[in-house]
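Enquirer: Coordinates for the following, if possible.
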Amino acid sequence: MQLTEIEQQLASLMTVLKLEDYAVGLELTTNARIRTLNREHRHIDKATDILSFPALKFEKPGKQPIDPVLAELGVRESLCQETESEYANVSLSKDLGDMVIGVPYVAAQAKKDNVPFQARLPVLLAHGLLHLLGYDHEDDKDYRQMRSKEYRVLRQFRQLHPQWTAAKERRPAAPVANL
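Expert: As a prediction, the model looks like this:
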């Protein structure tokens, strides 16, 4: 998979989420590096597929992002709101944050699940972007909310880009028989 293809997937997901005017950092790294980051930031000493480092705070996931610089100044304006305050000239951040993907970890997981790497990547990118937008899965309610949003984003993405969808993922789940 080429870097340009990953960039295209990320750009397309950002379009689906209406984030075209925002910037996101993406680092593709080794298992050793992502393990170190996971240990330093989450206190979990093992490699993982993706880590997200949000630059903004959200009152509610996906809504009313608060610029951290303005928040420190005591201003709680959303990125979407104009302000007439003394901070009107302060530009609100267009940086959502950074995502780090452990490529060997993802490749091994994709192989184990018999899914092409390029079909697995949009799932991770969508998941990471939602974390940057304030979504989380710390409790059941948050998990359901995030999974629902992730499903909707990926459904739109796959309609636009069926070439990045694994055949296994395209098939609807078989109904469970009542016994």
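
Enquirer: Spell out the secondary structure type for residue 154.
Expert: helix (DSSP: H, G, I helix; E, B strand; the rest coil).

Enquirer: Any figure for the gap between residue 16 and residue 45?
Expert: 34 Å (CB to CB, to the nearest Å). Quick note: C-beta positions are derived from backbone N, CA and C, even for glycine.

Enquirer: Tell me which of the two has more neighbours.
Expert: Each of residue 16 and residue 45 has its neighbours counted (other CB atoms under 10 Å); residue 16 has more, 20 against 10.

Enquirer: what sits against the more buried one?
Expert: Each residue near residue 16 by CB atoms under 8 Å, 6 or more residues apart in numbering is listed here: 153, 156, 157, 160.

Enquirer: elements contacting whichever strand or helix holds residue 124?
Expert: With elements taken from DSSP states H and E, the one containing residue 124 is helix 117-132. Helices and strands touching helix 117-132, by 3 or more CB pairs under 8 Å, 6 or more residues apart in numbering; DSSP states H and E, are helix 3-16, strand 50-54, strand 95-102, helix 103-112, helix 140-160.

Enquirer: ok and the fourth one relative to helix 3-16, angle-wise?
Expert: Taking axes from the mean of the first three to the mean of the last three CA atoms, to 10 degrees, helix 103-112 and helix 3-16 form an angle of 80 degrees between their directions.

Enquirer: same check, this time on the last one
Expert: Here helix 140-160 points in a direction 110 degrees away from that of helix 3-16 (the same axes, to 10 degrees).

Enquirer: buried set for helix 140-160?
Expert: 145, 146, 149, 150, 153, 154, 156, 157, 158 (16 or more other CB atoms under 10 Å).

Enquirer: How about the fifth one: what's its closest non-neighbour residue?
Expert: By that I understand residue 153. residue 126 (4.9 Å; CB to CB, 6 or more residues apart in numbering).

Enquirer: show me what contacts the one you found?
Expert: So residue 126 contacts 13, 150, 153, 154, 157 (CB under 8 Å, 6+ apart).

Enquirer: try 6 Å this time
Expert: With contacts defined as CB atoms under 6 Å, 6 or more residues apart in numbering, the neighbours of residue 126 are 13, 150, 153, 154.

Enquirer: Can I get those in CSV including distance to residue 4?
Expert: As requested, the contacts of residue 126 are arranged in CSV below (distance: CB to CB, whole Å):
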residue, distance to residue 4
13, 15
150, 24
153, 21
154, 21
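
Enquirer: What strand or helix carries residue 38?
Expert: Assigned by DSSP H and E, residue 38 belongs to helix 31-42.

Enquirer: Tell me what angle that helix forms with strand 50-54.
Expert: Going by the same axes, to 10 degrees, helix 31-42 makes 40 degrees with strand 50-54.

Enquirer: Output the below-cut-off pLDDT ranges for the chain.
Expert: 1-3, 64-93, 166-179 (pLDDT under 70).
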